[in-house]
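Asks: Quick one, fold the following:
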Amino acid sequence: MSTPLAVFGPGILICSRTDITVPAPVNVGFAQEFSIEAAGTTKQLFGQKQWPLAVARGTIKGTGKFKAATISGLAWSALFYGITASTSNMVAWTIGSTFTTSTSVTTLQVGSTTTFDTDLGITYAASGLPLQRVSTGSEATGKYSLTTGTPGLYNFAAGDQGVAIKVTYTATTTTGQSLLVTNQLIGSTPTFQLDYYTNFNQPAAKPFVVRIYSSVAAKHMMAFKLEDFMIPEFDFDLFANASDQVYNMVFPEIA
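Replies: I've put the predicted structure just below:
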């Protein structure tokens, strides 16, 4: 007995830029949800009776959405921002690193002077209360400053000598990649082709394939919340390519 065509799960999504010469196919990363919607506008012609005499359809708006289980800088850069991920402009956090200030001097070097990036605050190790950052020369008990021209060199008052503190700061790193979002001109619009594949594991495999020829990402959302994963979400609009093709659905059988 033949099994009916059924589609289960979000499938695999591969996106390729269409506005650049050599596009690199990018897997959006363990898709959780994928949807396409085509909505047409209609106009109804009425006479003297309740139901319309005729209905005509005008324009059609195509939209889509997908959510991914993993974070992909390559996918984000290619689909929404249209910029290239790089190995520059990267920073790494050091959170609550414990130091004990000197009993003889009122300075403390944190991290390397060649990689120190930004001070993100100090707390007392014992109480957890924060110290206040002030300008150089205004140090007092509970107040600190950074030396201009010497990255990572902290200054304290005599009242904070020999005290355990926790310092949070960032430093530049060469590990990973960065996606530096810049303010581009209006009209800068990365476009992409989206290829979708799913195959319900039936006795006889019946894959279902969709190709969306031209898309523009309309929204990119990141939501962070307690006791849950951050699921990147993309909304996109569909439009016709130069050959008036919008999308193609390939069915494994005539049904």
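Asks: where does the stretch 1-150 of the chain have low pLDDT?
Replies: Counting by pLDDT under 70, the stretch 1-150 of the chain shows low-confidence ranges at 1-4.
Asks: What ranges does it have for its strands?
Replies: For the stretch 1-150 of the chain, applying DSSP state E, counting those that start in this stretch gives strands covering 12-17, 26-27, 31-45, 54-68, 91-100, 107-109, 116-124, 132-133, 143-146.
Asks: nearest to residue 79, of those strands?
Replies: With C-beta to C-beta, the closest approach to residue 79 among these belongs to strand 12-17: 5.7 Å. C-betas here are computed from N, CA, C, even on glycine.
Asks: counting contacts, what elements does the closest one pack onto?
Replies: strand 26-27, strand 31-45, strand 192-200 (3 or more C-beta pairs under 8 Å, 6 or more residues apart in numbering; DSSP states H and E).
Asks: Now do the last one against strand 12-17, angle only.
Replies: Orientation of strand 192-200 against strand 12-17 (axes from the mean of the first three to the mean of the last three C-alpha atoms, to 10 degrees) gives an angle of 170 degrees.
Asks: Mind giving me the packing neighbours of strand 192-200?
Replies: Secondary-structure packing of strand 192-200 (3+ C-beta pairs under 8 Å, 6+ apart): strand 12-17, strand 206-221.
Asks: Partner strands of that strand and their direction?
Replies: strand 12-17 (antiparallel), strand 206-221 (antiparallel) (DSSP bridges).
Asks: buried ones in it?
Replies: 192-194, 196, 198-199 (16 or more other C-beta atoms under 10 Å).
Asks: Check the second one too.
Replies: Counting neighbours by 16+ other C-beta under 10 Å, one finds that the buried residues in strand 31-45 are 31-32, 34, 36.
Asks: quick one: which of these is nearest residue 133?
Replies: Nearest to residue 133 among the buried residues of strand 31-45, counting by C-beta to C-beta, is residue 32 at 41.9 Å.
Asks: Could I get the contacting residues of that closest one?
Replies: Applying C-beta atoms under 8 Å, 6 or more residues apart in numbering to residue 32 gives the contacts 10, 66-69, 231.
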